[in-house]
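In: my questions concern the predicted model and sequence given below.
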Amino acid sequence: MAKQRISYVPLDQMDADMRKEMERCQREGTPRPESSAVRAHVKACFWFFANAWRDLFKNGVLDHPIKELCRLYVSRSVQCDYCGNQRSVKAAGAGMIEDDVKDLLNFEKSTRYSDRQKAALAYAEAIAWHLNTDDAFWERMHRHYSEAELVELGCMIGLTLGQQSWLRLLNIDHHQVLAGTTASMAPGYETAEALQRTKSKPDYWAKAKTN
């Protein structure tokens, strides 16, 4: 196993409000407890992410499953398996299924996604891969989304792109802080044992090359 680069802050070193948020992470996931325990080294970082994720990702003006698709697209793009092995319970409750994740990096050619979903993924692609955009691109965006939705989605994609690019470097993994919960874990990653079995398979998604 790769060496972890930044330690987890123990719960007994957190204040009552931070421990309450950690318990919410344990119960609901996304974010899961490990990443929050790393950010807890700096209280402002801990609350910056917790509050932004609540307001931009879980809540907000845009329908949540669209944001979850874009979050997972970013996971595939930067190959952050810590983030990519999580799923939003709220999105699943709204009808998102595991097969919706499989075609993300080839979304334009996929028959799985609607035109509205493909537009959001094209937005995520342009941000993640630093693509140039033209009038046709923006006409497509405005055809499917209001300006408020584009602002929220852009901020959410930027936030998750930065965080996932960072977390990928830290070699943290699931089931290491407040273990024993399956909250927000993807199928095949629900326990520490299942996670290791899935990650050891030759077709494990994070071993594949991105474009």
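Out: That came through, no problem.
In: within the helices and strands, which one has the residue nearest the centre of the chain?
Out: The residue lying closest to the centre of the chain (C-alpha atoms, centre = their mean) is residue 71, at 4.3 Å. Residue 71 belongs to helix 64-78 when assigned by DSSP states H and E.
In: for the protein, just list every one of the helices.
Out: Counting by DSSP state H, the chain has helices at residues 16-28, 33-39, 43-52, 64-78, 81-84, 89-93, 115-128, 135-144, 147-170, 192-199.
In: which one of the ones you listed has the lowest average pLDDT?
Out: Ranked by mean pLDDT, the helices of the chain end with helix 89-93 at the bottom, a mean of 73.
In: which parts of it are buried?
Out: The neighbour-count check on helix 89-93 (16 or more other C-beta atoms under 10 Å) flags 89-91 as buried. No exception for glycine: its C-beta is placed from N, CA and C like everyone else's.
In: can you lay out those as JSON lines showing distance to residue 78?
Out: Putting these into JSON lines (distance: C-beta to C-beta, whole Å) gives the following:
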{"residue": "89", "distance to residue 78": "23"}
{"residue": "90", "distance to residue 78": "23"}
{"residue": "91", "distance to residue 78": "20"}
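In: and the residues you listed, which is closest to residue 83?
Out: Nearest to residue 83, judged by C-beta to C-beta, of the buried residues of helix 89-93 is residue 91 at 14.1 Å.
In: excluding covalently adjacent residues, which one is nearest to the closest one?
Out: Take residue 91 and drop its neighbours on the chain: the residue closest to it by C-beta to C-beta, 6 or more residues apart in numbering is residue 68, 3.8 Å away.
In: noted, bye for now.
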